[in-house]
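> Here you go, sequence then predicted model.
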Amino acid sequence: MGRLQDKVAIITGAGNGMGAAGAARFASEGASVVVADNDADAARTVADAITGEGGRAVTVEVDVRDAGAVDAMVDTAVSTWGTLDVLYNNAGISPAGDGDATETTEEVWDLTFEVNVKGVYLCCRSAIPAMLEHGGGSIINVASFVAHLGAATPQLAYTASKGAVLSMTREIAAVHARQGIRANALCPGPVLTPLLAKFMEDQAQRERRLVHIPMGRFGEVDEMVNGALFLASDESSYMTGQSLLVDGGITSAYTTPEGPPC
């Protein structure tokens with residue numbers, strides 16, 4: 001029996017990267033998965049791969065900034081499988097033009113917060129009532145290690161948005177803890193997904209990043225998904241309002257008296 005046997009999970013941004021890997025892993029652990037993405041074709045490819053392996057998945061095209069589309073996504077989970085146990089808010093962006101406070105435009109700032117913060121809020125707003133109808137559930141909001149530290153490469157809007165996600169997660173956890181709903185933030189360290197790769201066009205840029213990671217390497221997608229799986233499962237049943245850092249030791253290095261490794 002899988003670790004998510006008979007649970008129903010929504011994963012946003014599930015058409016590629018960590019979201020796609022999470023959808024496949026959750027399904028392999030027994031979950032019925034709503035593969036949600038604004039790219040319908042990508043989501044369908046992921047869902048078809050899951051069902052082709054004997055898993056349970058449906059596709060939903062969703063822009064997490066659109067309240068109506070988010071409501072329809074949650075309705076799909078409940079109407080298809082009768083409940084909602086896990087909401088994995090993975091969708092997020094780091095747009096070009098996101099730099100320091102003097103460089104980042106209002107357009108970039110607004111877009112980043114629309115997707116990364118408002119999107120998480122709308123998904124939680126829609127999912128919580130569905131979870132309450134069936135005794136609770138687990139919410140996993142993807143933040144980042146930069147919610148705890150300033151980013152070495154300027155990305156002000158992204159960093160601020162992930163700090164907001166972390167704070168939002170803590171409040172949701174506090175408000176709904178006695179209603180059976182847990183909320184935790186998954187805070188990945190650097191992983192060479194397309195979101196990060198654009199900042200490292202050559203080996204020199206990669207090496208500048210690696211010097212700050214005590215483990216000396218970038219994280220793997222599956223290592224982040226392992227964290228999400230733990231938070232989704234009953235193994236984390238006494239854990240809420242927390243930040244699960246899967247960062248190769250970056251935050252521990254920066255918070256020691258000696259500072260980051262050289």
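Everything's here; your move.
> contacting residues for the residue nearest to Leu84 when sequence neighbours are not counted?
Using CB to CB, 6 or more residues apart in numbering and skipping the chain neighbours, the partner closest in space to Leu84 is Ala130 (4.4 Å). C-beta: built from backbone N, CA, C; applies to glycine. Residues in contact with Ala130 (CB atoms under 8 Å, 6 or more residues apart in numbering) are 74, 77-78, 83-84.
> what helix or strand does Ala130 sit in?
helix 119-132 (DSSP states H and E).
> List of residues touching the very next helix or strand once past that helix?
The helix or strand immediately downstream of helix 119-132 is strand 137-142, counting by DSSP H and E. The contact list for strand 137-142 (CB under 8 Å, 6+ apart) reads 18, 84-90, 92, 120, 124, 127-128, 131, 165-166, 168-169, 172, 180-186, 188, 228, 231-233, 236.
> what's the average pLDDT for strand 137-142?
Here strand 137-142 scores 98 as its mean pLDDT.
> what's the next secondary structure element after it?
Criterion used, DSSP H and E; the element after strand 137-142 is helix 156-176.
> Tell me the gap between that following helix and the middle of its chain.
Centroid displacement of helix 156-176 relative to its chain, using CA atoms, centre = their mean, to the nearest Å, is 12 Å.
> residues in contact with it?
89, 92, 94-95, 98-101, 104, 108-109, 112-113, 116-117, 120-121, 124, 128, 139, 141-144, 146-148, 150-151, 181-185, 187, 240-243.
> Quick one, which of these are buried?
89, 92, 94-95, 98, 104, 108-109, 112-113, 116-117, 120-121, 124, 128, 139, 141-144, 146-148, 151, 181-185, 187, 240-243 (16 or more other CB atoms under 10 Å).
> which non-adjacent residue is nearest Met131?
In space, and not counting its chain neighbours, Met131 is closest to Gly137: 3.7 Å by CB to CB, 6+ apart.
> repeat for Ala91
Gly13 (3.3 Å).
> again with Ala27
Once chain neighbours are set aside, the closest to Ala27 by CB to CB, 6+ apart is Gly55, at 3.6 Å.
> pretty sure the one you found contacts Ala23?
No - counting by CB atoms under 8 Å, Gly55 does not reach Ala23; the two are 9.1 Å apart.
> what do the two both touch?
Val33.
> So for these two, which sits in the more crowded spot?
Between Gly55 and Ala23, counted using other CB atoms under 10 Å, the more crowded position is Ala23 (32 against 20).
> Tell me who's in contact with the more buried one.
11, 14, 33, 35, 46-47, 50, 57.
> Inside strands: which ones of those?
11, 33, 35, 57 (DSSP state E).
> which among those residues gets closest to Val64?
Ile11 (11.7 Å; CB to CB).
> ok, of the ones in strands among the contacts of Ala23, which come out buried?
Of the ones in strands among the contacts of Ala23, these count as buried by 16+ other CB under 10 Å: 11, 33, 35, 57.
> Need those in a markdown table (columns: pLDDT).
Below are those laid out as a markdown table (pLDDT from 0 to 100):
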| residue | pLDDT |
| --- | --- |
| Ile11 | 98 |
| Val33 | 98 |
| Val35 | 98 |
| Ala57 | 98 |
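> Go ahead and confirm Arg182 touches Ser236.
Yes - using CB under 8 Å, Arg182 is in contact with Ser236, at 7.2 Å.
> for the record, mean pLDDT for the strand or helix carrying Glu107?
Per DSSP H and E, Glu107 falls inside helix 106-113. Regarding helix 106-113, the rounded mean pLDDT is 98.
> relative to helix 119-132, how tilted is it?
Angle, helix 106-113 to helix 119-132, by axes from the mean of the first three to the mean of the last three CA atoms, to 10 degrees: 20 degrees.
> which other residues reach helix 106-113?
93-98, 156-158, 160-161, 164.
> Dump that helix to CSV, keeping only the CA atoms.
The C-alpha coordinates for helix 106-113 follow below in CSV (Å, rounded to 0.1, in the frame of the first residue of the first chain):
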residue,chain,number,x,y,z
GLU,A,106,6.2,47.3,-11.6
GLU,A,107,4.9,45.0,-14.3
VAL,A,108,7.4,42.3,-13.2
TRP,A,109,6.6,42.8,-9.6
ASP,A,110,2.8,42.7,-10.1
LEU,A,111,3.0,39.6,-12.4
THR,A,112,5.2,37.7,-9.9
PHE,A,113,2.9,38.4,-7.0
